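Colleague: no sequence on this one, just coordinates:
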């Protein structure tokens with residue numbers, strides 16, 4: 001598979017610096033690159049327009065969710081499609097890949113504890129028709145990434161979870177961040 005875009009040395013440097021600190025000033029980047037701040041701004045905007053770069057906030061997930069699970073799922077095509085559509089919007093799923101090999105879907109999940117993972121597996125994955133086999137690997141010491149683009153902060157008045165399940169749906173995760181109203185300590 002060929003890359004759609006080729007990046008020059010300057011663009012790679014800008015991306016690298018912005019990955020370290022997304023709030024870095026264009027003037028600081030310009031000084032490091034010996035170009036004008038306007039040139040840096042133009043490059044950043046072009047990278048954003050081409051969907052190569054997106055500037056957003058990220059959260060140190062271990063402060064809220066110290067346990068991770070990598071879940072390998074073997075299912076028929078319809079089951080994989082349903083799981084992908086639903087789980088892509090789950091606030092605690094931070095990576096989904098369709099794969100070949102023993103599993104045709106890999107899901108990476110953040111969790112408060114093992115009970116949450118067990119509940120998630122039963123409500124969101126094993127309950128889906130077509131699922132043949134599930135394998136779970138648990139982790140508690142994330143090496144990388146330290147910061148993750150979590151979707152865990154929502155208005156207090158929502159009635160539907162991002163995955164599409166309603167607040168009173170029995171399949172909904174009981175500790176879904178979309179429905180948690182009080183701040184974690």
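Modeller: Perfect, I can see it now. Predicted model, so just to flag it, every value in this text is computed and none were measured.

Colleague: secondary structure class for the most centrally placed residue in the chain?
Modeller: What sits nearest the mean C-alpha location of the chain, by C-alpha atoms, centre = their mean, is residue 94, with 2.6 Å. Classification of residue 94 by DSSP: H, G, I helix; E, B strand; the rest coil places it in strand.

Colleague: Wait, it touches residue 148, no?
Modeller: Yes: between residue 94 and residue 148 a contact is recorded at 5.1 Å, counting by C-beta atoms under 8 Å. C-beta coordinates here come from the backbone N, C-alpha and C atoms, glycine included.

Colleague: Report the set of residues contacting both of these two.
Modeller: 61, 110 (C-beta atoms under 8 Å, 6 or more residues apart in numbering).

Colleague: Using the record's assignment, carve the protein into domains.
Modeller: 9-49, 60-148 (automatic domain parsing).

Colleague: Highest mean neighbour count across those, which stretch is it?
Modeller: Among the domains of the chain, domain 60-148 has the highest mean neighbour count (mean count of other C-beta atoms under 10 Å), at a mean of 16.

Colleague: what about that domain, how long is it end to end?
Modeller: Length of domain 60-148, first residue to last, C-alpha to C-alpha, to the nearest Å: 6 Å.

Colleague: what's the average pLDDT for it?
Modeller: For domain 60-148, mean pLDDT is 91.

Colleague: and what of stretch 20-32?
Modeller: pLDDT averaged over stretch 20-32 gives 94.

Colleague: Check stretch 41-57 too.
Modeller: 93.

Colleague: chain center to that stretch, what's the gap?
Modeller: Centroid separation for stretch 41-57 versus its chain: 19 Å, with C-alpha atoms, centre = their mean, to the nearest Å.

Colleague: quick one on the thing from earlier: of the domains of the chain, give the one that comes closest to residue 158.
Modeller: domain 60-148 (11.4 Å; C-beta to C-beta).

Colleague: those helices in this structure, which residues are they?
Modeller: In the chain, the helices defined using DSSP state H lie at 9-20, 26-33, 37-49, 77-87, 114-120.

Colleague: Go through these and name the closest to residue 67.
Modeller: Per C-beta to C-beta, nearest to residue 67 of those: helix 114-120, 6.7 Å.
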